[in-house]
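Student: sequence and predicted model, in that order:
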Amino acid sequence: MNGNRVAWLFLAPALAVLTFLFFLPVAAALLLSFTDFDIYALADYANTRFVGLSNYTNLLRNPVFWKALGNTFYFVLVGGPLSVAVSLAAALAVASRLTRFKPFFRTVFFAPVVTTLVAVAVVWRYLYHARYGFVNSFLGVFGIGPVDWLGDPKWAMPAIILLAVWKNFGYNMVLFLAGIQSIPVELYEAARIDGASTWQQFRRITLPMLAPTFLFVAVITMIGYFQLFAEPYVMTRGGPVQSTVSIVYLMFEEGFRWWNIGTASAVAFVLFAIVLAATLVQLRLQKRGVEG
Amino acid sequence: MKPGMKRAVLHALLFGAAALTAFPLLWMVSASLMAPGETSQTPPPLLPDSPTLGNYRQLFSQLQMGRFLRNSTLVALAITLVSLLLNSMAGYAFAKLRFRGRQRLFRVLISALVIPAQVAMLPLFLILKSLGLVNTYAGVILPSAATIFGIFLVRQYALSVPDSLLEAARIDGASEFGIFRRIVLPLLRPILVTLAVFTFLASWNDFLWPLIILADDDRYTLPVALASLSREHVQDNELMMAGSVVTVVPVLLLFPFLQRYYIEGIVLGGVKE
């Protein structure tokens, strides 16, 4: 029997789906980004023209594109590290020798991860309500506010970041917990015998041993955060004054609201290029960090 | 600090964090049982004055919530079943069957994990449009029928299936598909359960693609329907809380039983080769 043929039979269905519904569209998106494909082309593909790089150069002249780029980087660069830090803190607290009811805490911290983003965004929209929201009543206790969270361009993105951290930190916490549990207990025992403090143990044992987990967590968090969409769609519609328009939100609006598919494809490819570059930079940086 | 003191501070922090984390979800349930307009007070009430199921009644009788619930269940189940079959076949082939270019093909797939799914969506829409699949459940299901992550997860697990077992079955004259069905699939059961939980949750919660491909609101899945309802009913807080409960609670109720498998999937996906 031909082993090659058997293998390809097993692979064929999955590869067909991935090829025709993923790889081919990705390649097509690159081609489309060099055309003026729009609502007229949707009616008749013959109305499409090759326009070279003009979709990209137009984007560079479009203030909304720069706004979307800036907002997305704000979300990734502030929300990403914050989210990883909260995850690590939660994992350390749950994993501590002193902690009781570990499964309870793990379950509660993990619960937001399985919830539907659209549904919790609807809930948080009311928590952020300027007059009737719990966030402001809570801050009012300390004499702060009231803040018009989703109505003030200065605060809308921080509000979305807070929601994202709440929704996601349990995911990375689980990864950190697994990382912490795989550190040999003997290392800590030896350190204690040598008189190392809790902080020294954390700095010299826990952190270095978690380096591979850190790399993975940082990369997947970043890739995920670059794809910000549902929060602004549900909570702010990209407003106020475009302060929460993200790259994917811009792609959606251009592509599926105005049917400027050429332009939207260019936006999608900018996203791809940024994610790819940021991933490579992280891998490079962290490799150096681990070796050094 | 004394150990007793340390423990007390740690637990105070943990319980505080747990309360903050659970609060939005608990309040969502509580507010969904309030009368219309009841949440619009300063400070907002924690518990309903007199709990009512009126919001749920309105959702199901006037706003087609039952239909959305059915659509979501159908779509998520279909995606889970189909992708489980396709991913397990491909994952098994990558782990246990020899063919030319196996390593290279696998590496290509893994590198493609870095491509954001949104990049494919515009042409994907055009492809499905030309196939007449826009505004159909097939249009929602097909693009998720196989996933690189799923293939990767199955492949990692299938590596541990002993070759001797497969060889013995081949010598006994079993067909390749028979080997897969009777020997490999049962051995893969733990990872398949994990992958099933993962896939079901991901498709239940998915928003962008169903939003793009579904046009008629009676075909909407829960997240798409909820987003659209929440735009029409901006003022109806209590009603929207009930809508969120209907969307979130099915998965949240399953979660305590399935969290072990889900967490296993996260961790396995994170293990480097």
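Tutor: Perfect, thanks for sending it. Residues are numbered from 1 along each chain as shown, chains lettered A, B, ... in the order given.
Student: avg pLDDT for the particular helix or strand that has residue B:242 in it?
Tutor: Assigned by DSSP states H and E, residue B:242 belongs to helix B:237-270. In this model, helix B:237-270 carries a mean pLDDT of 87.
Student: how close does residue B:246 sit to residue B:60?
Tutor: Separation of residue B:246 from residue B:60 (CB to CB, to the nearest Å) stands at 9 Å. Every C-beta, even on glycine, is put in place using the N, C-alpha and C of the backbone.
Student: neighbour-wise, which of these two wins?
Tutor: Per other CB atoms under 10 Å in any protein chain shown, whichever of residue B:246 and residue B:60 has more neighbours is residue B:246, with 22 against 17.
Student: what backbone torsions are found at the nearest residue to that one once chain neighbours are set aside?
Tutor: Distances taken as CB to CB, 6 or more residues apart in numbering or on different chains place residue B:65 nearest to residue B:246, at 5.7 Å, with adjacent residues excluded. Main-chain torsions, residue B:65, degrees, to the nearest 10: phi -60, psi -40.
Student: residues near residue B:65, how many?
Tutor: As a burial measure, residue B:65 scores 21 neighbours (other CB under 10 Å).
Student: was I right about it contacting residue B:59?
Tutor: Yes: taking CB atoms under 8 Å as the definition, residue B:65 is a contact partner of residue B:59 at 4.0 Å.
Student: which residues are common contacts for the two?
Tutor: Residues touching both residue B:65 and residue B:59 by CB atoms under 8 Å, 6 or more residues apart in numbering or on different chains: B:243, B:246.
Student: does stretch A:128-147 come close to chain B?
Tutor: Yes: against chain B, stretch A:128-147 shows contacts by CB under 8 Å from any CB of the partner chain at A:131, A:132, A:133, A:134, A:137, A:140.
Student: from residue A:276, how far out is the closest residue to the fourth one other than its chain neighbours?
Tutor: The one in question is residue A:134. Nearest in space to residue A:134, with sequence neighbours left out and distances taken as CB to CB, 6+ apart, is residue A:127 at 5.0 Å. Distance of residue A:127 to residue A:276, given as CB to CB: 36 Å.
Student: for residue B:78, what are its contacts?
Tutor: B:137, B:141.
Student: and it, what element?
Tutor: Counting by DSSP H and E, residue B:78 is part of helix B:65-96.
Student: go through that helix and flag the buried ones.
Tutor: B:65, B:68-69, B:71-72, B:75-80, B:82-96 (16 or more other CB atoms under 10 Å in any protein chain shown).
Student: now that helix: mean pLDDT?
Tutor: Confidence for helix B:65-96, expressed as mean pLDDT, is 97.
Student: following that helix, which helix or strand shows up next?
Tutor: helix B:102-111.
Student: other residues contacting that following helix?
Tutor: Taking contacts as CB under 8 Å, 6+ apart, the residues outside helix B:102-111 that touch it are A:7, A:18, B:94, B:148, B:151, B:152, B:155.
Student: so what's the residue count around the fourth one?
Tutor: The number of residues packed around residue B:148, counting by other CB under 10 Å, is 20.
Student: and residue B:47, by the same measure?
Tutor: Residue B:47: 10 neighbours (other CB under 10 Å).
Student: okay, residue 137: pLDDT?
Tutor: Because you didn't say which chain, this covers chain A. 90.
Student: switch to chain B, that's the one I care about
Tutor: 97.
Student: quick revisit: what's the angle between the helix holding residue B:242 and helix B:65-96?
Tutor: Going by axes from the mean of the first three to the mean of the last three CA atoms, to 10 degrees, helix B:237-270 is angled at 0 degrees with respect to helix B:65-96.
Student: list the buried residues for helix B:237-270?
Tutor: B:237-252, B:254-255, B:258-259, B:261-270.
Student: where does the prediction get shaky in the stretch 1-150 of chain A?
Tutor: Low-confidence segments of the stretch 1-150 of chain A (pLDDT under 70): A:1-2.
Student: if we can go back for a sec, quick one: the residue nearest to residue A:134 and residue B:13, what's the gap?
Tutor: 22 Å.
Student: then residue A:198?
Tutor: Applying CB to CB, the value for residue A:198 to residue B:13 is 15 Å.
Student: ok now stretch A:74-91, how far from the chain's centre?
Tutor: Centroid separation for stretch A:74-91 versus its chain: 10 Å, with CA atoms, centre = their mean, to the nearest Å.
Student: before we move on, back to that, neighbour-wise, which of residue A:127 and residue B:13 wins?
Tutor: When residue A:127 and residue B:13 are compared for neighbours, residue A:127 comes out ahead with 23 against 12, by other CB under 10 Å.
Student: surely that one is in contact with residue A:135?
Tutor: Yes: between residue A:127 and residue A:135 there is a contact at 5.3 Å, judged by CB under 8 Å.
Student: next, count neighbours for residue A:268.
Tutor: Burial of residue A:268 is recorded as 30 neighbouring residues (other CB under 10 Å).
Student: fine by me, we can end here.
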